[in-house]
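In: With the input below, show me the fold.
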Amino acid sequence: MPPTLRLRTPDARAAGMVANPGLASAIARPGAEPLAWIELLPLMRDFFAQVRAHVAPKHQAGRLKQWLHYLRRHYLQADAAYLELRTVNGAEELAGRLFGQHYLQTSGRS
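Out: Model (predicted):
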């Protein structure tokens, strides 16, 4: 009987996409430039806006910090941001420090 192919769990595949949001593009276009940090920031802002709309306030900052933690595998900027922000618990402060005052002004928050 031939050996069975063991597939990774869906959670493991998802973790790859979470840590490297440009993974699908890299697979589709080998040799293409990876997704740059500056291109990732708008995705993170959109994600955080969705978190702010659907997640209890005390858990909001944690969701973004968790993603930053995964991104550390592929982005030096994420590592620096995570180390700076890991003790921040407020969503407003986290958004202001990661995305700048512009985020707070355009999202209707002060």
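In: which residue ranges form the helices in this structure?
Out: 10-19, 23-28, 37-54, 57-71, 76-85, 91-99, 101-106 (DSSP state H).
In: among the ones you listed, which gets the worst mean confidence?
Out: Across the helices of the chain, helix 101-106 has the smallest mean pLDDT, namely a mean of 52.
In: dump the residue contacts of the closest residue to residue 78 other than its chain neighbours.
Out: Beyond its immediate neighbours in the sequence, the residue positioned closest to residue 78 (Cβ to Cβ, 6 or more residues apart in numbering) is residue 71, lying 3.5 Å away. For glycine as for every other residue, the C-beta is placed from the backbone atoms N, C-alpha and C. Applying Cβ atoms under 8 Å, 6 or more residues apart in numbering to residue 71 gives the contacts 18-19, 40, 78, 82.
In: list the contacts for the most centrally placed residue in the chain?
Out: For the chain, residue 67 is the residue whose C-alpha lies nearest the centre (Cα atoms, centre = their mean; 3.8 Å). Contacts for residue 67 (Cβ under 8 Å, 6+ apart) come out as 18, 44, 47.
In: Just the buried residues of the residues you listed.
Out: Among those, those classed as buried by 16 or more other Cβ atoms under 10 Å are 18, 44.
In: Output the contacts of residue 67 as TSV; include the columns distance to residue 33.
Out: As requested, these are exported to TSV (distance: Cβ to Cβ, whole Å):
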residue	distance to residue 33
18	20
44	19
47	22
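In: still on that earlier bit, what separation do you get for the residue nearest to residue 78 and residue 56?
Out: Separation of residue 71 from residue 56 (Cβ to Cβ, to the nearest Å) stands at 23 Å.
In: Buried residues, stretch 31-41. List them.
Out: In stretch 31-41, counting by 16+ other Cβ under 10 Å, buried: 35, 40.
In: Just the C-alpha atoms of it, please, in PDB.
Out: The C-alpha atoms that make up stretch 31-41 are tabulated as PDB, following Å, rounded to 0.1, in the frame of the first residue of the first chain:
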ATOM      1  CA  GLY A  31      10.200  35.600  -9.000                       C
ATOM      2  CA  ALA A  32       7.800  38.600  -8.500                       C
ATOM      3  CA  GLU A  33       8.600  41.100  -5.800                       C
ATOM      4  CA  PRO A  34       7.100  40.300  -2.500                       C
ATOM      5  CA  LEU A  35       4.400  42.400  -1.000                       C
ATOM      6  CA  ALA A  36       6.100  45.500   0.500                       C
ATOM      7  CA  TRP A  37       5.400  46.700   4.000                       C
ATOM      8  CA  ILE A  38       3.900  50.000   2.600                       C
ATOM      9  CA  GLU A  39       1.500  47.900   0.600                       C
ATOM     10  CA  LEU A  40       0.500  45.900   3.600                       C
ATOM     11  CA  LEU A  41      -0.400  48.800   5.800                       C
END
